[in-house]
Structure formats: C-alpha cells, structure tokens
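J.: generate coordinates for the sequence data below:
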Amino acid sequence: MAMPGVPMADAPMPAMTMMDGALGSYTMMQDASGTAWQPVSTPMDGAMWGSGGWSGMVHGYANLIYDHQSGPRGGDKTFSESMVMVMAQRHAGPGTLTLKAMASLDPLMGNDGYPLLLQTGETADGVNHLVDRQHPHNLLMELAGTYAVPVGQQSSLFIYLGYPGEPALGPATFMHRFSGKDNPAAPISHHWLDSTHITFGVATAGFVHGPVKVEASVFNGREPDQHRWGWQPLRLDSWSGRITLNPGRDWSFQVSYGHLHSPEALNPAVNQNRLTASATYNHAFAGGNWQTTLAFGRNDDRPGTVLNAVLLESAVALRRLTVFARAETVQKDDLVEAPSPLAGRVFRVAATTLGAVYDVPVAPHLLLGIGVQATLNVVPAPLNVTYGSATPGGVMPFLRVKIR
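T.: Next comes the predicted model:
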C-alpha cells in the first residue's frame with residue numbers, strides 16, 4: 001500500500017500498516033515529534049521492520065553543508081548535521097507500548113554550532129550567549145516510552161516519559177515537520193515555538209477522543225547547556241498544556257501554553273511563560289505532497305519583555321524534487337550585548353528563505369540528495385551598521401543522505 005503523496009514505485013513496504021498510533025486508535029501517520037500530531041495525510045519516511053511481536057521503523061538523515069553568512073556578524077563553515085530515530089512498538093496488556101530513541105552527531109560541529117544570522121539562544125561555553133549562531137543538537141535527542149490504553153470507541157488515555165523527551169508545548173519540531181524538515185537551517189523563531197524538543201526530564205499524560213487530544217506535561221525547563229555529548233540534570237520544575245484538533249485528514253491545529261523555569265543557564269533568574277498556536281495543512285496528490293504551517297509564538301520573560309514571533313513555511317515535493325520556503329518575523333532583545341548602547345533593546349527582525357533539494361535513490365531505503373537554500377534577512381535601521389547592511393543574507397548548498 002502506497003502512503004499518501006508517495007508514488008507507488010517509491011512507496012515503502014506494506015509493513016507500514018504494522019504500527020498503530022502511539023497515543024490511541026489511529027494511524028501512525030498522524031504522529032510527529034514527541035506527542036505532537038500532524039495531518040493524517042502527511043507522508044512519512046522510514047524503513048519498517050518487525051520481529052517477535054514487535055514492529056518498528058527507523059528513519060534519519062545526514063547533511064554535509066557549506067554555510068556562508070554575509071557581513072561582519074556572518075561567517076563561513078563546512079559542517080555536518082544529522083539525526084537517526086528508531087521506533088519500536090508492541091501490544092502489552094490492555095494497551096500499546098511505543099519506545100523511541102533519537103540521536104545526533106551534531107556535537108561534532110563544535111559547541112558554537114554554525115553561523116546563522118539573527119539566531120539566538122543557549123550557550124557554547126557556559127559564559128557567552130550564542131548570537132548569530134545556531135547551537136548543535138545533543139547526542140541524545142530522545143529516549144522515551146509511551147503507553148496508551150483504549151477507554152472506549154476512538155478514545156484512549158496515554159502517558160509519555162522521556163529523558164530526554166519533548167513536552168506538550170508547541171507544534172511538531174521543525175526537524176519533523178514536512179513543511180520544514182528539508183531546510184538545513186533552523187528557524188530564527190525556534191526558541192519561540194519548539195525549542196523544548198530536547199528536554200532532560202519530561203512526563204506527559206493525555207486523553208485522545210477521535211480528532212481531539214488534550215495533554216499536560218511536567219518537565220525540565222532548563223535548555224541543554226554546552227555539554228552536548230552527555231546527560232543534563234533531571235528536573236521537573238516546569239509545566240505545559242496543549243490541545244490539538246485534527247478535524248480531517250489534511251488539517252492539524254494546536255494551541256499550547258507553558259511555564260519554563262529558568263530556561264537560559266546564563267540568565268538563571270529569568271522565568272518564561274510561552275504561548276504557541278499553529279495550523280498545518282497537508283495536501284497529498286498524485287506524484288507528490290504539499291504542506292504548509294503557520295505558527296505563532298509568544299515568550300513572556302519574568303522579569304523581562306513580551307516578545308512575539310510568526311512563522312510561515314511551506315514545502316512541495318514533486319517525486320524527486322522538493323521546493324521549500326520559509327518566512328519569519330521575530331522580536332528579539334538579545335541580538336546586541338553590553339557595553340553597546342543598543343544592548344537589551346527590542347528589535348523586530350525578519351528572514352525569508354527559499355530552497356530546493358533533488359533526491360536520487362541509491363539503495364532500497366536510501367536517497368542521495370543535492371540541494372541549496374538562500375536566506376534574505378531584514379534588520380531595522382539601528383542594526384544596519386552592526387550587520388553591515390539592512391538586508392544581510394546567507395546561502396547553504398548541501399548534500400544529504402536520507403533513509404526513506
């Protein structure tokens with residue numbers, strides 16, 4: 001059986017039907033990162049397996065990227081980013097047990113990550129903030145288990161435990177959204193929407209009834225520090241709640257709210273309340289797939305400022321060619337640090353990205369892709385000298401190997 005939006009010749013093995021939804025009686029195609037949902041019609045990459053009552057899937061990718069970011073705050077770097085995820089599932093007692101493990105070799109790029117204009121968040125050395133750079137992901141991105149029990153027709157209760165894991169806060173993370181996963185650069189709104197996707201300590205409980213999911217989490221609000229190879233302290237000092245609605249095969253809506261205790265290690269006295277809302281539309285058609293995500297995020301720092309972000313991204317896959325685009329506008333108060341007189345000021349910045357990747361099958365479950373993306377940023381007049389232009393930009397040609 002071919003998956004929606006996937007040509008029959010390129011479709012995975014029929015074993016795709018072996019796995020159920022991790023949280024209830026629905027198709028696994030609806031599951032995204034953590035306990036987040038995506039539209040049911042979304043295609044899913046992965047090689048399936050089954051053994052001894054278990055069924056599972058493995059998927060992942062590795063990118064080799066040359067990164068050029070313009071201006072005095074830019075830079076050049078050749079690096080690799082990667083992710084591999086293994087899932088296993090079986091029926092256990094009255095319910096279904098799903099286990100997930102996800103890892104990355106991103107720490108090999110160095111603690112300071114890669115140049116990315118207007119990106120902020122976390123630290124490379126425990127002393128200085130990362131500004132105009134994207135931090136690497138941790139070696140361990142997820143070690144989690146979910147147990148779901150049916151409680152009626154189309155209804156279930158579930159619990160999700162992760163160390164690390166992802167709480168019920170925000171849309172599916174950008175690495176798992178069809179609309180954004182082919183772009184090798186993280187969104188500059190990442191810390192407004194889905195930065196909690198690697199949380200060292202999370203427990204989520206929820207209820208599913210048909211197209212509705214209601215869930216709540218307690219989790220570690222502190223973002224990962226500079227020690228990307230190891231474990232972080234286990235805390236459950238923050239909380240969040242999320243309501244998700246999938247009214248049909250092609251839509252997924254979510255709204256979520258959370259309190260993050262001391263998320264930034266370099267500003268430990270600052271707590272943060274985060275509100276997110278998003279809508280994802282997916283359209284599968286003969287020979288391809290199109291998905292668009294619109295998301296809003298608001299960070300209310302206590303003490304501090306209320307800062308907003310809006311993201312719109314879209315991707316169209318036409319057999320072997322995928323074209324993707326992203327537009328963002330974000331309010332940031334950490335682009336300039338003391339002793340500059342601009343330190344602490346709130347600036348609204350924007351970024352627009354357009355890119356494409358062309359994939360060629362090289363093995364039964366392996367694709368080799370060549371792609372490029374280019375970004376045009378917009379900064380307000382007071383930052384023109386800092387960035388060398390009102391419209392600094394960047395470009396990232398890349399090679400990719402992906403499990404399909």
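
J.: quick check on residue 107: phi, psi?
T.: Listed backbone geometry of residue 107 is phi -60, psi -20, with angles given as degrees, to the nearest 10.

J.: was I right about it contacting residue 229?
T.: Yes: under the criterion of Cβ atoms under 8 Å, residue 107 lies in contact with residue 229, with a separation of 5.3 Å. From N, CA and C alone the C-beta is placed, and that goes for glycine too.

J.: what about the two, which has more around it?
T.: Summary of the neighbour comparison: residue 107 and residue 229, criterion other Cβ atoms under 10 Å, with residue 107 having more neighbours (17 against 10).

J.: what about that one, distance to residue 191?
T.: Using Cβ to Cβ, to the nearest Å, one obtains 19 Å as the distance from residue 107 to residue 191.

J.: what do residue 107 and residue 229 both touch?
T.: Common neighbours of residue 107 and residue 229 (criterion: Cβ atoms under 8 Å, 6 or more residues apart in numbering): 138-139.

J.: now do the strands in the stretch 101-250 of the chain.
T.: Remark: strands of the stretch 101-250 of the chain, listed N- to C-terminal, are 114-123, 129-134, 140-152, 155-162, 202-209, 212-219, 238-245; assignment by DSSP state E, counting those that start in this stretch.

J.: what's the closest of those strands to residue 383?
T.: Taking Cβ to Cβ, strand 114-123 is the member of these nearest to residue 383, at 9.5 Å.

J.: tell me the centre residue of the protein?
T.: By Cα atoms, centre = their mean, the mean C-alpha position of the chain lies nearest to residue 173, the distance being 2.1 Å.

J.: re the thing from before, most tightly packed of the strands of the stretch 101-250 of the chain?
T.: Comparing these by mean neighbour count (mean count of other Cβ atoms under 10 Å), strand 114-123 comes out on top with a mean of 24.

J.: got the CA coordinates for that strand in CSV?
T.: What follows is the C-alpha trace of strand 114-123 in CSV, where atoms were taken according to Å, rounded to 0.1, in the frame of the first residue of the first chain:
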residue,chain,number,x,y,z
TYR,A,114,27.2,27.1,12.8
PRO,A,115,26.8,30.7,11.6
LEU,A,116,23.1,31.7,11.3
LEU,A,117,22.3,35.4,11.2
LEU,A,118,19.7,36.6,13.7
GLN,A,119,19.6,33.3,15.6
THR,A,120,19.9,33.5,19.4
GLY,A,121,19.6,31.1,22.3
GLU,A,122,21.7,28.8,24.6
THR,A,123,25.5,28.9,25.0
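
J.: flag the shaky bits of the protein, pLDDT-wise.
T.: Applying pLDDT under 70 to the chain flags the ranges 1-18.

J.: still on that earlier bit, so who does the residue nearest to the centre of the chain touch?
T.: Going by Cβ under 8 Å, 6+ apart, the list of residues near residue 173 reads 32-34, 36, 166, 194, 197.

J.: and for residue 251?
T.: Residue 251 makes contact with 39, 279-282 under the criterion Cβ under 8 Å, 6+ apart.
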